[in-house]
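Enquirer: Need a 3D model of the following:
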Amino acid sequence: MNKIVCLSTSTWYPFPTRKQHVMQRLQNAEILYFDPPITYIAPLKDRKSWKRLFAWMKKPAQPKENIKVFSCPPVLPFYNKFRFLNKWNQKKIARFVRNKMKQYGFDTPVLWCYSPMSADAVEYIPHSALVYDCVDRHSAYKGLIDVDTVNGMEKSLAERADQVIATAIGLYDTLEAYNPNTVMLPNGVNFEHFNRAVVENFPVPDDLKDLPRPIIGFSGMLQECIDYEAIEEVAKEHPEWSVVLVGGPMPGVNLDYLKEYENIHFLGMKRYDEMPAYLRAFDVCMNAFRAGRLAKDVSPLKFFEYMASGRPIVSTPQPEQVLGYTDAVYISHSARDFVAKCEMALEEPNDKKETLRIAYARACSWDARVREMEELLMKRGIFQ
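Expert: Here you go, the predicted model:
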């Protein structure tokens, strides 16, 4: 039995990301999963987060028989700017992790990290091997971040790791320079879940029922790297269409100017189990990313989810992974071209592209991705 301690950057609940998809599919594994800590001042920005200040005192959640999920104790702020603060925080986290390891009989597990901040914790957590699964360019996010500090922590973590995994070509290019044991394994898709948009006759969600057709939809976090110019152009050129954004904005992203368009509809976050019904109701799905470093470093979950739903997809050329699927999706090269490609997608002549999209999504399932990871880690002697 492989014992794994996962230091995550995403809370297990409510929305599954790569971290949860990977951990729950690892075979022959017992896992202690640690949600990322919040800072002591987090409730000042988000009142709903105050409960998480005390969540670390509670019993772990157990989403599966072999997985226990813990909340970490709160930490000091500004750790992304000052490494001495991160070192203090990570020693605290490491003590908490060691106590849980001792409680559940984890002597020297595989330590699986997702955050550069963990670089200052690994020396205090006994482990047989270290895996860094890098899914983001953490230094590129807005907020109280010092780029050199975060990049320095990532370099330390990658150099120390026995295996580095990157989800996108931009991340791979950086990390491979730090550690030759770096591979690229993009994100996957919960194929069975999102393919329900094809095989099940969902009713149209209530907040879409009265919207004029066609519905041009986007799902996912509204991040800085999204090409809002393309989305705005769609709304401007076709006021008779409904442009629907399903997801919440990331901190620092102000989209008030888009709310001036009567045909742009912000629906907010939806439950994971609701998403197949929303994708089924979209006439076209938008995968819109601005050219830039962030887009090069992302492997968008939404793109593979769209493909599993079978719906027509209009995409920017970013991230570069989408260029491997040009026979199944519509690639635009400007904001105006994005509109033209939406017009083409609405007139898709037959189901050939739909069949291709579904086939590609099936090949990119999370089950397939995790089997690749397991084979790699067994070959390296990290897994039994």
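
Enquirer: Show me where this protein has its strands.
Expert: Assigned strands in the chain, in chain order: 2-7, 29-34, 61-64, 67-70, 110-113, 129-134, 163-166, 182-184, 215-219, 242-246, 264-268, 284-287, 313-315, 330-331 (criterion: DSSP state E).

Enquirer: could these be laid out in CSV, adding mean neighbour count and mean pLDDT?
Expert: C-beta here means a position set from N, CA and C on the backbone, and glycine is covered the same way. Compiled in CSV, these are given as follows (neighbours: other Cβ atoms under 10 Å; pLDDT from 0 to 100):
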stretch, mean neighbour count, mean pLDDT
strand 2-7, 22, 98
strand 29-34, 21, 98
strand 61-64, 13, 97
strand 67-70, 20, 98
strand 110-113, 25, 98
strand 129-134, 23, 98
strand 163-166, 24, 98
strand 182-184, 18, 97
strand 215-219, 23, 98
strand 242-246, 23, 98
strand 264-268, 16, 97
strand 284-287, 27, 98
strand 313-315, 26, 98
strand 330-331, 19, 98
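
Enquirer: quick one, which of those is nearest to Pro205?
Expert: Within the strands of the chain, the stretch nearest Pro205 is strand 264-268; the backing value is 8.5 Å (Cβ to Cβ).

Enquirer: helices or strands up against the closest one?
Expert: helix 228-237, strand 242-246 (3 or more Cβ pairs under 8 Å, 6 or more residues apart in numbering; DSSP states H and E).

Enquirer: ok, 6 Å please
Expert: Counting contacts by 3 or more Cβ pairs under 6 Å, 6 or more residues apart in numbering; DSSP states H and E, strand 264-268 is packed against strand 242-246.

Enquirer: so where's this protein uncertain?
Expert: 295 (pLDDT under 70).

Enquirer: Could you pull out the helices in it for me?
Expert: 18-23, 42-45, 83-103, 147-160, 169-176, 191-194, 196-199, 228-237, 275-281, 293-296, 301-309, 335-346, 352-363, 366-379 (DSSP state H).

Enquirer: Pull out the buried residues from the third one.
Expert: Burial within helix 83-103, assessed by neighbour count using 16 or more other Cβ atoms under 10 Å, is assigned to 83, 85-87, 89-90, 92-94, 96-97, 100-101.

Enquirer: Then the last one?
Expert: Of the residues in helix 366-379, those buried by neighbour count under the rule 16+ other Cβ under 10 Å are Trp366, Arg369, Val370, Met373, Glu374, Leu376, Leu377.

Enquirer: Quick one: closest of the helices of the chain to Ser219.
Expert: Across the helices of the chain, closest to Ser219 is helix 301-309 (Cβ to Cβ), at 5.5 Å.

Enquirer: Distance from that closest one to the middle of the chain?
Expert: 13 Å (Cα atoms, centre = their mean, to the nearest Å).

Enquirer: tilt between it and helix 352-363?
Expert: 120 degrees (axes from the mean of the first three to the mean of the last three Cα atoms, to 10 degrees).

Enquirer: Can you list the helices and strands that helix 301-309 packs against?
Expert: Looks like helix 301-309 contacts helix 191-194, helix 352-363 (3+ Cβ pairs under 6 Å, 6+ apart).
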